[in-house]
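A.B. asks: heads up, no residue letters with this:
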């Protein structure tokens, strides 16, 4: 069984008898002899293919065409359908990759027989995908389009989302759209990132993720057709993760049940909507407002401001409590302004009426009271208390304009909505909402050294998104007023990544050193290193440490050939307790590099997915380009997706994930349930945690569903429970 899955490529493991037939033509280039095989030549189809590929590497195309044509003829006598195939049987339990039609197409192209070459390459791709066949088919199509002058116009480009010059609060967005051409679209670029396009097409849709930095992100989106004509569009997206800053400048009573509120909003994004007590308020010059509101019966002002990026700042001002959190708190028995409506009594003094207090006569200069007049009486139930509350509010505002800067030696007040100084959340980002206020103007308000204050003001309601790293995050809110008084509010947030989304729950994978093929070996190791880095950085798999793999390879004294022999590679996988192994080869010629990688199931030895990359450019930039593309294609062909349990039948579980989501037999699944976490005191949501119910392995795949068998011990798995690919 272990030999049945022996993977070999193009003559790696062919050991045969002395050569038959006439002597092959010699091919020497730069002192290197081509048209050779590993071992003796027995005249079998695989011998001819191996020698033909060697001739092609040495650019001796006529003998290559003769040999590969002979290989195709010999193989057709052995199989019912002659089709290019990976892991084709040679003799006994030996296998090689058979690419007779692809290599014949390459030789024909180099000999100028374009139409025949196109037919061979299309036949190859109809059987098995390979980057080299796609590369040469594009060369042929380009040749035909240019020679027939068929490409008249540059490609057309349409970006469907996001809108140009738009605003967002998401740190990662997808740039989606399509490009089309009168010939073929070959490349699409979003900034410096290329969309992975294996082969050119008339029309290509794309959706490329883009990481954004705070502020304007400017980049060029380009579509290039197969002849090099280009269409581009400059695109800009503004990342704003701060809610509008809301400042209250004045609150004046204008009648028994009405107040006039004025202030301003400031934000990096345009304000989308501003609401006071369920009434939308127009803004002057996009920022200032003045509105008359009915305050009774709650005597509160509810506000909500949203910007075009989707950020929202909202809160509550209690008219029976001073709203600025200034130094008067310690001299009046007043109620602290609150974002959530909770009241807290502070300070002491002499009674003003209605349960409030008045400062001693020696507290402020006499001029502070000279313009104060008791407001009109209220014709309502409990009017004495209401009159005292409104009188206090008016007195507070009149006094502050005269004594704030003169007497303020107190630090600003920092208040957060429903937030403790230490908490645990399950979100990737934290939404901080709060109020910073002071008797005199605020000079600076920062969160982790990021300044939020647009201009000096006495108070600022804010909303800010803080990205959280897994584990403990320390966040410091700091406020400084114009007199140099400083306040700091440190908070500690422990972010827990839900269990099934943690990296250590992904498929455990080892990646062996790749076999170096070809007579030229200049940058093969660089190609392997770049591919390994690209795959690891995607965080799709739970990778076994490279040093551990290399130690086992040295311990087992594995030869280069054994690195692609399942008899040995699967042994390494089991020694590292891996579920999957990535193995492959890097093949070099004087002008080209080809990289092939496959993900193999350690338990069964089956190939779960395989991809390759080919380019006739061996510069470091080219190697980085194709390895990044190869890593993306592997990830996209083996994705992390979530779904639901549909039904159960003994150990078999049906789920709503099918071939449309790239589900394959052999993929591992995790069954789980979700639980909404809330703060026990405030009831504020802390996010969603997950509980593992068990594991499974896909055994059958259909278009829109698949069937898995449970593996090991499981908890109760029921319909509507969740499932995620491992």
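C.D. replies: That came through fine. Since this is a predicted model, take the numbers as computed values, not measurements.
A.B. asks: now do the helices in the stretch 601-726 of the chain.
C.D. replies: Defined through DSSP state H, counting those that start in this stretch, the helices belonging to the stretch 601-726 of the chain, from first to last, are 620-637.
A.B. asks: quick one: the strands in it?
C.D. replies: Taking DSSP state E, counting those that start in this stretch as the criterion, the stretch 601-726 of the chain contains strands spanning 607-615, 642-649, 652-655, 668-678, 685-701, 706-711, 722-725.
A.B. asks: got JSON lines for those, with mean pLDDT, mean neighbour count and distance to residue 256 too?
C.D. replies: Heads up, the C-betas are built off the backbone N, CA and C, glycines and all. Converted to JSON lines, those look like this (pLDDT from 0 to 100; neighbours: other CB atoms under 10 Å; distance: least, CB to CB, whole Å):
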{"stretch": "strand 607-615", "mean pLDDT": "95", "mean neighbour count": "21", "distance to residue 256": "75"}
{"stretch": "strand 642-649", "mean pLDDT": "95", "mean neighbour count": "15", "distance to residue 256": "57"}
{"stretch": "strand 652-655", "mean pLDDT": "96", "mean neighbour count": "21", "distance to residue 256": "64"}
{"stretch": "strand 668-678", "mean pLDDT": "94", "mean neighbour count": "18", "distance to residue 256": "41"}
{"stretch": "strand 685-701", "mean pLDDT": "94", "mean neighbour count": "17", "distance to residue 256": "40"}
{"stretch": "strand 706-711", "mean pLDDT": "96", "mean neighbour count": "20", "distance to residue 256": "69"}
{"stretch": "strand 722-725", "mean pLDDT": "97", "mean neighbour count": "21", "distance to residue 256": "56"}
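A.B. asks: what's the closest of those to residue 484?
C.D. replies: Checking the strands of the stretch 601-726 of the chain against residue 484 by CB to CB gives strand 685-701 as the closest, at 37.0 Å.
A.B. asks: now the angle from the closest one to strand 642-649?
C.D. replies: Using axes from the mean of the first three to the mean of the last three CA atoms, to 10 degrees, the direction of strand 685-701 lies 60 degrees away from that of strand 642-649.
A.B. asks: hmm, back to that, in CSV, list the strands of the stretch 601-726 of the chain along with distance to residue 154.
C.D. replies: Rendered in CSV, the data for the strands of the stretch 601-726 of the chain read as follows (distance: least, CB to CB, whole Å):
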stretch, distance to residue 154
strand 607-615, 24
strand 642-649, 41
strand 652-655, 45
strand 668-678, 46
strand 685-701, 41
strand 706-711, 43
strand 722-725, 40
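A.B. asks: nearest to residue 479, out of the ones you listed?
C.D. replies: Using CB to CB as the measure, strand 685-701 is the one of these that comes nearest residue 479, at 26.1 Å.
A.B. asks: and the angle from that closest one to strand 706-711?
C.D. replies: 100 degrees.
A.B. asks: how near is the closest residue to residue 686 other than its chain neighbours to residue 419?
C.D. replies: In space, not counting the residues next to it along the chain, residue 686 is nearest to residue 677; the distance is 4.2 Å by CB to CB, 6 or more residues apart in numbering. Between residue 677 and residue 419 the distance, using CB to CB, to the nearest Å, works out to 15 Å.
A.B. asks: picking that back up, so which of the strands of the stretch 601-726 of the chain comes closest to residue 207?
C.D. replies: strand 642-649 (18.4 Å).
A.B. asks: ok, and what's touching the closest one?
C.D. replies: Among residues not part of strand 642-649, those counted as contacts by CB atoms under 8 Å, 6 or more residues apart in numbering are 653-657, 661, 671, 705, 717-725.
A.B. asks: mind running it again at 10 Å?
C.D. replies: For strand 642-649, the surrounding residues in contact (CB atoms under 10 Å, 6 or more residues apart in numbering) are 500-501, 653-658, 661, 663, 669-673, 693, 696, 704-708, 710, 716-725.
A.B. asks: neighbouring strands of it in the sheet, and parallel or not?
C.D. replies: Using DSSP bridges, the neighbouring strands of strand 642-649 in the sheet come out as strand 652-655 (antiparallel), strand 722-725 (antiparallel).
A.B. asks: adding distance to residue 41, write the ones you listed out as CSV.
C.D. replies: Formatted as CSV, the entries for the strands paired with strand 642-649 read as follows, by distance: least, CB to CB, whole Å:
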stretch, distance to residue 41
strand 652-655, 52
strand 722-725, 46
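A.B. asks: between the ones you listed, which one is nearest to residue 525?
C.D. replies: Comparing the strands paired with strand 642-649 against residue 525 with CB to CB, the closest turns out to be strand 722-725 (31.8 Å).
A.B. asks: quick one: the helices in this protein?
C.D. replies: Under the criterion DSSP state H, the chain contains helices at 45-57, 61-76, 100-110, 114-127, 131-147, 383-407, 524-538, 546-556, 566-575, 620-637.
A.B. asks: how about the ones you listed in a markdown table, adding mean neighbour count, distance to residue 610 and mean pLDDT?
C.D. replies: Supplementary listing: the helices of the chain in a markdown table, determined by neighbours: other CB atoms under 10 Å; distance: least, CB to CB, whole Å; pLDDT from 0 to 100:
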| stretch | mean neighbour count | distance to residue 610 | mean pLDDT |
| --- | --- | --- | --- |
| helix 45-57 | 26 | 19 | 95 |
| helix 61-76 | 20 | 21 | 96 |
| helix 100-110 | 26 | 16 | 97 |
| helix 114-127 | 19 | 14 | 97 |
| helix 131-147 | 19 | 11 | 96 |
| helix 383-407 | 18 | 72 | 47 |
| helix 524-538 | 19 | 13 | 93 |
| helix 546-556 | 13 | 20 | 88 |
| helix 566-575 | 20 | 14 | 86 |
| helix 620-637 | 18 | 9 | 94 |
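A.B. asks: show me the one of these that comes nearest residue 315.
C.D. replies: Of all the helices of the chain, it is helix 383-407 that lies closest to residue 315, at 17.0 Å by CB to CB.
A.B. asks: quick one: which of the helices of the chain is nearest residue 479?
C.D. replies: If you check each of the helices of the chain against residue 479 by CB to CB, helix 383-407 wins as the nearest, at 15.4 Å.
A.B. asks: per the record, what domains does the chain have?
C.D. replies: Residue ranges of the domains in the chain are recorded as 3-147, 156-239, 413-497, 501-637, 642-725, according to automatic domain parsing.
A.B. asks: residue 275: which of the ones you listed is closest?
C.D. replies: Each of the domains of the chain has some distance to residue 275 by CB to CB; the shortest is domain 413-497, at 13.2 Å.
A.B. asks: what about the closest one, distance to the chain center?
C.D. replies: For domain 413-497, the distance between its averaged C-alpha position and the chain's averaged C-alpha position is 26 Å (CA atoms, centre = their mean, to the nearest Å).
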